[in-house]
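> what's the 3D shape of this:
(2 chains)
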Amino acid sequence: MQKIHCGLAAIVLLCLAVTTSCRKTPSLDKLSSDFVVETKYDNTVNFKEFKTFAIRDTIALSTDNPKDSVWYDKDAQSIISEVIKQLTAYGYTRVAPGAAGKADLGVQLVAIRNKTMYNVTPGYWWGYPGYGDPWYWGDYYDWYYYTPYYYSYSIKTGTLAVEIVDLKDAKTNQKLNIVWTGIGSGQIGNAQAFLVDQCIKSVDQAFAQSPYLKQ
Amino acid sequence: MKKIVLLILVLASVLAGYSQKRAASNFVINYNLAVPISSDFVQGLSPYGATVGYNQGIAKGLTVGLELGWNTRNKYYDRMTDYTKDGAVTTDKYKSLFTLPITATVTKDIFPGRTLIPYGKLGVGTLYSEQRVYYNIYEEDNHNWGFTVIPEIGVRIKTRKTSPWAFNAGVQYRYATNSVDDYHINNIQSVNFNAGISWLLR
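Here you go, the predicted model:
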């Protein structure tokens, strides 16, 4: 009887350990691929004091290719147009850049595309939850995984930043205060259409969550 | 915090050593279900938890011991905007709250020797916690320690008086001082339900 009780306790212990495992990582299967959109602003600024804006007609670009510096094709123009549309909808008037004092706000965009490469040795995952220890396969307690080669994988991420600079008070402040920034970022694939779509959605969302910009 | 853990271990060791020949000890293992009542960080039931404990008798119906528990609450939140004093963030996300209390316990059995044994327990110690947020391909990770107090009431049910093992059922209130400003967590509170078995060690 004693053995039966011990066995029962052991079974319950094992079941609990398996079903509740010390830390349960969520499945993450519901996570969308839509960009994360974050906005920051200088909350000491009254945006109603600004009436006009000028915007650069290209997007500064940073990628793994050192020759990339400017994004100016029709995709870039569609993103810039979306920023213009949102600012106009909020009551600002677009003016040409360059004429000092004409524009209250300066708007410029930055795009960053990164590809992070990982070189992994098979067996690297030893110790990760769910990966088989050597002794899972048999009597290999003192053995370890070994391989003479490695494989690679990569993750591509994209970021679009929209920055608004206070030009109206620049001379008074003796600096160009960036009073608002909207950033969309997330994983991207190879499809340009997806990237552009996410950039435009990010611009829309960034303004939607910044009602204090309205005139 | 290491001092608290050390103090718990020393206290438990001293009491266990002092009482080694005075009364029986028992081993307890429970499934643990948590209902958060304080934190806005993660809402909802947590079915992923357990506790294990060892108790040493120091008098009839009175034991002291050590208890370790763990519990994880995971929840998915649809895409929404969270506002701060100088901005906002929009995304969908998973939030995960992991808690691991380590406590020294005192347990008082109300009717020791019977088949139905109501008990009251008080645990005092430390609680390790991790708060994680997953969104897109990103992950935020915070971990912290706090002081914890865990009162519990419950009942042990034996099939017969001389049986060395019993079924347990209990309810705990857990309070811990862990705090995270970024997530507006000032403390961690939950009501936890235990169900399991205890094994009397002669």
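> in chain A, which spans are helices?
With helices called from DSSP state H, chain A shows them at A:2-20, A:74-89, A:170-173, A:192-208.
> Could you tell me the least trusted of those?
Among the helices of chain A, helix A:2-20 carries the lowest mean pLDDT, a mean of 54.
> those helices in chain B, which residues are they?
Along chain B, the stretches classed as helices by DSSP H are B:2-18.
> Give the residue spans of it that score low on pLDDT.
B:1-23, B:39, B:202 (pLDDT under 70).
> Start from the N-terminal end of it and give the strands.
When secondary structure is read from DSSP state E, chain B shows strands at B:25-36, B:48-59, B:62-84, B:87-109, B:116-135, B:138-157, B:165-176, B:188-201.
> Next, format those strands as CSV and append mean neighbour count and distance to residue A:148.
The way it works is simple: take the backbone N, C-alpha and C, and place the C-beta from them, glycine included. Conversion of the strands of chain B to CSV gives the following (neighbours: other CB atoms under 10 Å in any protein chain shown; distance: least, CB to CB, whole Å):
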stretch, mean neighbour count, distance to residue A:148
strand B:25-36, 21, 45
strand B:48-59, 21, 40
strand B:62-84, 18, 39
strand B:87-109, 21, 38
strand B:116-135, 20, 35
strand B:138-157, 17, 32
strand B:165-176, 19, 49
strand B:188-201, 19, 48
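> any idea how far residue B:105 lies from chain A?
Look at residue B:105 and chain A: by CB to the nearest CB, to the nearest Å, they are 19 Å apart.
> Which residue, neighbours along the chain excluded, lies closest to that residue?
Once flanking residues are discounted, residue B:105 sits nearest to residue B:123: 4.4 Å by CB to CB, 6 or more residues apart in numbering or on different chains.
> Repeat that for residue A:69.
residue A:61 (6.0 Å).
> Next to chain A, which bits of chain B? Give me the list.
B:27, B:29, B:31-32, B:48-50, B:70, B:72, B:74-76, B:79, B:81, B:83, B:85-94, B:96, B:98, B:100, B:130, B:134-138, B:164-165, B:196-197, B:199 (CB under 8 Å from any CB of the partner chain).
> Could you give the number of residues near residue B:161?
Around residue B:161 there are 8 other residues, counting by other CB atoms under 10 Å in any protein chain shown.
> what's near enough to touch it?
Residue B:161 sits next to B:113-115 when contact means CB atoms under 8 Å, 6 or more residues apart in numbering or on different chains.
> so what's the residue most central in space within chain A up against?
Per CA atoms, centre = their mean, the C-alpha nearest to the average position across chain A is that of residue A:185, at 2.4 Å. Neighbour list for residue A:185: A:35-36, A:38, A:157-160, B:136 [criterion: CB under 8 Å, 6+ apart].
> Please determine how far the residue nearest to residue A:69 is located from residue B:42.
Distance, residue A:61 to residue B:42, using CB to CB, to the nearest Å: 39 Å.
> okay, now residue 163: neighbour count?
Picked chain A for this. Neighbour tally, residue A:163, other CB under 10 Å: 17.
> Not quite, go with chain B.
Residue B:163 is flanked by 13 other residues according to other CB under 10 Å.
> Need phi/psi at it.
The phi/psi pair for residue B:163 (degrees, to the nearest 10) reads phi -70, psi 140.
> Which residues are in contact with the residue of chain B positioned farthest from its centre?
For chain B, the C-alpha farthest from the mean C-alpha position belongs to residue B:86; by CA atoms, centre = their mean, that distance is 36.9 Å. Residue B:86 sits next to A:40-43 when contact means CB under 8 Å, 6+ apart.
> Check residue B:38 too.
Residues in contact with residue B:38 (CB under 8 Å, 6+ apart) are B:186-190.
> likewise residue B:99?
B:34, B:69-72, B:127-129, B:174, B:176, B:188, B:190.
> Now tabulate those residues in a markdown table and tack on distance to residue B:62.
Listed next are the contacts of residue B:99 as a markdown table, based on distance: CB to CB, whole Å:
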| residue | distance to residue B:62 |
| --- | --- |
| B:34 | 28 |
| B:69 | 22 |
| B:70 | 27 |
| B:71 | 27 |
| B:72 | 33 |
| B:127 | 25 |
| B:128 | 28 |
| B:129 | 31 |
| B:174 | 23 |
| B:176 | 26 |
| B:188 | 29 |
| B:190 | 27 |
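> Out of those, the closest to chain A would be?
residue B:72 (4.0 Å; CB to the nearest CB).
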